[in-house]
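Asks: I'll drop the sequence and a predicted model, then ask my questions.
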Amino acid sequence: MYAMSLGDDGAELRPLEPWQAEEFLAHMDRGREFIGARNGLPDVVTDLESSRAFLRAYAERAAADTGRIHGIWSDGTLVGAVILRTFDPVGGTAEAGCWLEPAAAGKGLVTRAARALIDWAISVRGIHRVQWVVSSDNEPSIAVARRLGMTREAVLRESYWYRGKRHDEEIWSVLSPDWPATPTT
């Protein structure tokens with residue numbers, strides 16, 4: 001098992017694997033309402049079996065080299081994750097995403113974790129374009145995209161149906177020639 005330090009506050013980035021399904025479910029239960037405000041994951045991970053299935057799907061993506069999931073731990077507790085929802089090394093593209101439970105919000109954890117994952121994708125795996133798809137009303141996630149040096153490319157009006165309402169989505173991206181993004185906090 002390996003972990004990457006995310007700074008002096010003891011936060012770490014580690015792979016998230018199926019054997020951690022109970023811990024993942026407990027994390028999801030702590031953040032269910034907060035995470036679910038903008039992310040459908042709490043509707044998918046509802047019990048131990050669905051937690052295990054979700055992590056197994058990402059393990060299969062990692063084995064197929066088509067996706068990754070890494071947990072964010074703070075003081076030994078899983079508090080969030082960053083993902084490469086899609087990952088295409090041949091085509092040179094990836095889509096990154098994230099979530100946190102409320103106790104971990106506002107500490108810069110997602111920015112630091114996403115920076116580490118995107119840096120790996122670009123610097124180690126040769127990904128040319130990483131995109132970030134976010135609901136237009138998700139200001140914290142948009143702020144992360146900005147801090148990562150991403151460029152807003154488009155607004156897809158009413159493109160995403162979630163919990164009975166249509167939402168606008170924004171597409172943000174960074175290209176490898178523009179990376180590393182200038183760290184801003």
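Replies: Looks like it came in fine.
Asks: So which residues of the chain form helices?
Replies: For the chain, the helices defined by DSSP state H occupy 21-36, 41-44, 48-64, 109-119, 139-147.
Asks: winner for burial among these?
Replies: Mean neighbour count (mean count of other C-beta atoms under 10 Å) peaks for helix 109-119 among those, with a mean of 23. Where C-beta positions appear, they are placed from N, C-alpha and C, glycine not excepted.
Asks: mean confidence score for that one?
Replies: Helix 109-119 shows a mean pLDDT of 95 in the predicted model.
Asks: packing partners for it?
Replies: Helix 109-119 is packed against strand 12-15, strand 68-74, strand 77-88, strand 93-100, helix 139-147, with contacts defined by 3 or more C-beta pairs under 8 Å, 6 or more residues apart in numbering; DSSP states H and E.
Asks: buried residues in stretch 158-170?
Replies: Within stretch 158-170, the residues scored as buried using 16 or more other C-beta atoms under 10 Å are His167, Glu169, Glu170.
Asks: Bridged to the second one, which residues?
Replies: According to DSSP bridges, the residues that bridge with Glu169 are Ser135, Leu156.
Asks: re the thing from before, now distance to Gly40 and mean pLDDT too, for the helices and strands packed on helix 109-119, in JSON lines please.
Replies: Putting those into JSON lines (distance: least, C-beta to C-beta, whole Å; pLDDT from 0 to 100) gives the following:
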{"stretch": "strand 12-15", "distance to Gly40": "23", "mean pLDDT": "95"}
{"stretch": "strand 68-74", "distance to Gly40": "15", "mean pLDDT": "96"}
{"stretch": "strand 77-88", "distance to Gly40": "12", "mean pLDDT": "96"}
{"stretch": "strand 93-100", "distance to Gly40": "10", "mean pLDDT": "96"}
{"stretch": "helix 139-147", "distance to Gly40": "14", "mean pLDDT": "94"}
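Asks: Which of the ones you listed sits closest to Leu25?
Replies: strand 77-88 (10.0 Å; C-beta to C-beta).
Asks: Give me the pLDDT value at Gly36.
Replies: Reported pLDDT for Gly36: 89.
Asks: residues touching it, list them.
Replies: Pro42, Asp43 (C-beta atoms under 8 Å, 6 or more residues apart in numbering).
Asks: measure it to Gly108 for me?
Replies: Using C-beta to C-beta, to the nearest Å, one obtains 23 Å as the distance from Gly36 to Gly108.
Asks: What I need now is the helices and strands packed on helix 109-119 written out in CSV, including distance to Glu158 for each item.
Replies: Output for those, formatted as CSV (distance: least, C-beta to C-beta, whole Å):
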stretch, distance to Glu158
strand 12-15, 34
strand 68-74, 29
strand 77-88, 21
strand 93-100, 20
helix 139-147, 18
